[in-house]
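Engineer: Based on what follows, work out the 3D shape:
(chains A and B)
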Number of protein chains: 2
Amino acid sequence: MSESKRGRPRDMEVDRRVLDIAAAQLVERGYAGLSIDAVAEAAGVAKTTLYRRWPSKDHLAVAVTARMQEADPVADTGDIRVDLVNYLTHIVAAINRSRSLGLVAELAAAAARHDDIGELIHGVFTRRNALVLALIERAKQRGELRADTDAVVLFDQLAGALYYRVLFTGMPIDPAYAERLVTAALDGAVPTGEMS
Amino acid sequence: MSESKRGRPRDMEVDRRVLDIAAAQLVERGYAGLSIDAVAEAAGVAKTTLYRRWPSKDHLAVAVTARMQEADPVADTGDIRVDLVNYLTHIVAAINRSRSLGLVAELAAAAARHDDIGELIHGVFTRRNALVLALIERAKQRGELRADTDAVVLFDQLAGALYYRVLFTGMPIDPAYAERLVTAALDGAVPTGEMS
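Structural biologist: Residues are numbered from 1 along each chain as shown, chains lettered A, B, ... in the order given. A predicted model of the protein is given here:
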């Protein structure tokens, strides 16, 4: 209750500015080059203010990632193939952006190292997942997808394939791959009429 | 050509012993606690020998991972659903083993940080993928899977979903999840007869 109502808009503005600068430094210098002190200096904000808001570099990087994901629009055109390809294409573009793969990988490592960072990162990804799960549920309701479709597993397959490829097999991802992926996940692989 | 033929069997034995000890130390102390010096001491091998073979801790961890993956059997029973569930269940068990998630996450970060480590890790995962891709191709040949099945995308979805869940959303994986995943990927999500 120490936070006054009048103070909030200004705080959000400072947050936005700090996160813009942190995002720019991540692109320019990579995760290893990100520093709370340097961000504070560039933003003209006291270091203590930043450390109070984001106790470590990992916390700041999670906040940058959350804001990047919020910028990816989830559009419902009524055609689930189109909507999923569009959404995955946004993720592809974000991963392919300079240094972003390093950020994602470092966050995965930080999540495994520190439970508190893990919780924050899982929260960010779970919130993103929820938007797409709602999209899939609506497609089930209008009969575009089968009623027994496991929405969670479907999105795990889609998002998972993108990250697995770039993080572990080192293969590229692009919009064409996003399209192959959606086709494969929706159409399955068994001959027609031979579902289990 | 400096390596004599007589020397090789003994070298392989030393490799095996060193990798056993490194794997045990990874389980016990985690990635942060792994140290080439400590492994050399426990193995009774000169540090220089280890550094010649694995120039950094990352290199040693990649070698441990490669050997762990080789231990996962790829069995071809003639039933692709059974074979894929079995294989994914081995990956699930490996990921759920104490500290293994941390190892996987740190390797992903190391791959993004250093190009040479990236190449090694991509090689390890690409070799593993090849075994499963061959399994999928045989299922296509015997008509169990459609001839137009994109084997690479199918395995990206399967393996990717496992890693995405545990690394990013923090949700658990178990044999039941592996089964849901194989069913979803093979059966797809569109109503029968409405493939694109």
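
Engineer: For chain B, what's the nearest residue on chain A?
Structural biologist: Closest approach between chain A and chain B, counting by C-beta to the nearest C-beta: residue A:188, at 2.5 Å. Just so you know, the C-beta spots here come from the backbone N, C-alpha and C atoms, and that holds for glycine as well.

Engineer: Can you give me the distance of that residue to residue A:177?
Structural biologist: To residue A:177, residue A:188 is 18 Å away according to C-beta to C-beta, to the nearest Å.

Engineer: still on that earlier bit, how many other residues sit next to the nearest residue to the residue of chain A closest to chain B once chain neighbours are set aside?
Structural biologist: Take residue A:188 and drop its neighbours on the chain: the residue closest to it by C-beta to C-beta, 6 or more residues apart in numbering or on different chains is residue B:188, 2.5 Å away. Neighbours of residue B:188 under the rule other C-beta atoms under 10 Å in any protein chain shown: 24.

Engineer: which residues does residue B:188 contact?
Structural biologist: A:185-190, B:195 (C-beta atoms under 8 Å, 6 or more residues apart in numbering or on different chains).

Engineer: What score does it have for pLDDT?
Structural biologist: On pLDDT, residue B:188 comes in at 97.

Engineer: can you list the weak-confidence ranges in chain A?
Structural biologist: Residue ranges of chain A with pLDDT under 70: A:1-10, A:193-196.

Engineer: and the gap between residue A:47 and residue A:24?
Structural biologist: For residue A:47 relative to residue A:24 (C-beta to C-beta), the value is 18 Å.

Engineer: Also residue A:45?
Structural biologist: Distance of residue A:45 to residue A:24, given as C-beta to C-beta: 15 Å.

Engineer: Now go through the contacts of residue B:188 and say which are in helices.
Structural biologist: Here DSSP state H is the test, and those give A:185-187 as lying in helices.

Engineer: circling back to that earlier point, quick check on the residue of chain A closest to chain B: phi, psi?
Structural biologist: Phi and psi for residue A:188, reported as degrees, to the nearest 10, are phi 70, psi -170.

Engineer: residue ranges for the helices of chain A, please.
Structural biologist: Applying DSSP H to chain A gives helices spanning A:7-33, A:36-43, A:47-53, A:57-70, A:80-96, A:100-113, A:115-141, A:151-164, A:175-187.

Engineer: out of those, which comes closest to residue B:104?
Structural biologist: Of all the helices of chain A, helix A:100-113 sits nearest to residue B:104, with 7.9 Å by C-beta to C-beta.

Engineer: Against which helices or strands is that closest one packed?
Structural biologist: If you count contacts as 3 or more C-beta pairs under 8 Å, 6 or more residues apart in numbering or on different chains; DSSP states H and E, helix A:100-113 packs onto helix A:7-33, helix A:57-70, helix A:80-96, helix A:115-141, helix B:100-113.

Engineer: now the third one, how far from the chain's geometric center?
Structural biologist: Once both centres are worked out by C-alpha atoms, centre = their mean, to the nearest Å, helix A:80-96 turns out to sit 11 Å from its chain's centre.

Engineer: neighbouring contacts of that helix?
Structural biologist: Under the contact criterion C-beta under 8 Å, 6+ apart, helix A:80-96 has outside partners A:68-69, A:72-77, A:100-101, A:104, A:132, A:135-136, A:139, A:144-145, A:158-159, A:162-163, A:166, A:173-175, A:177-179, A:181-183, A:186, B:196.

Engineer: angle of it against helix A:57-70?
Structural biologist: In terms of direction (axes from the mean of the first three to the mean of the last three C-alpha atoms, to 10 degrees), helix A:80-96 departs from helix A:57-70 by 150 degrees.

Engineer: same thing with the first one?
Structural biologist: With the same axes, to 10 degrees as the criterion, the two stretches helix A:7-33 and helix A:57-70 enclose an angle of 110 degrees.

Engineer: other SSEs contacting helix A:7-33?
Structural biologist: Here helix A:7-33 touches helix A:36-43, helix A:47-53, helix A:57-70, helix A:100-113, going by 3+ C-beta pairs under 8 Å, 6+ apart.

Engineer: Tell me which other helices or strands the first one touches.
Structural biologist: Read it as helix A:36-43. Secondary-structure packing of helix A:36-43 (3+ C-beta pairs under 8 Å, 6+ apart): helix A:7-33, helix A:47-53, helix A:57-70.

Engineer: what residues are up against the nearest residue to residue A:14 once chain neighbours are set aside?
Structural biologist: Setting aside the residues directly before and after it, residue A:14 is nearest to residue A:45 in space (C-beta to C-beta, 6+ apart), at 6.2 Å. The neighbourhood of residue A:45, defined by C-beta under 8 Å, 6+ apart, consists of A:14, A:17-18.

Engineer: still on that earlier bit, for residue B:63, find the nearest of the helices and strands packed on helix A:7-33.
Structural biologist: Closest to residue B:63 of the helices and strands packed on helix A:7-33 is helix A:100-113 (C-beta to C-beta; 18.9 Å).

Engineer: Tell me the buried residues in that closest one?
Structural biologist: For helix A:100-113, the neighbour count (16 or more other C-beta atoms under 10 Å in any protein chain shown) marks A:100-113 as buried.

Engineer: swap in stretch A:43-54?
Structural biologist: Neighbour counts using 16+ other C-beta under 10 Å place A:43, A:45, A:50, A:53-54 of stretch A:43-54 among the buried residues.
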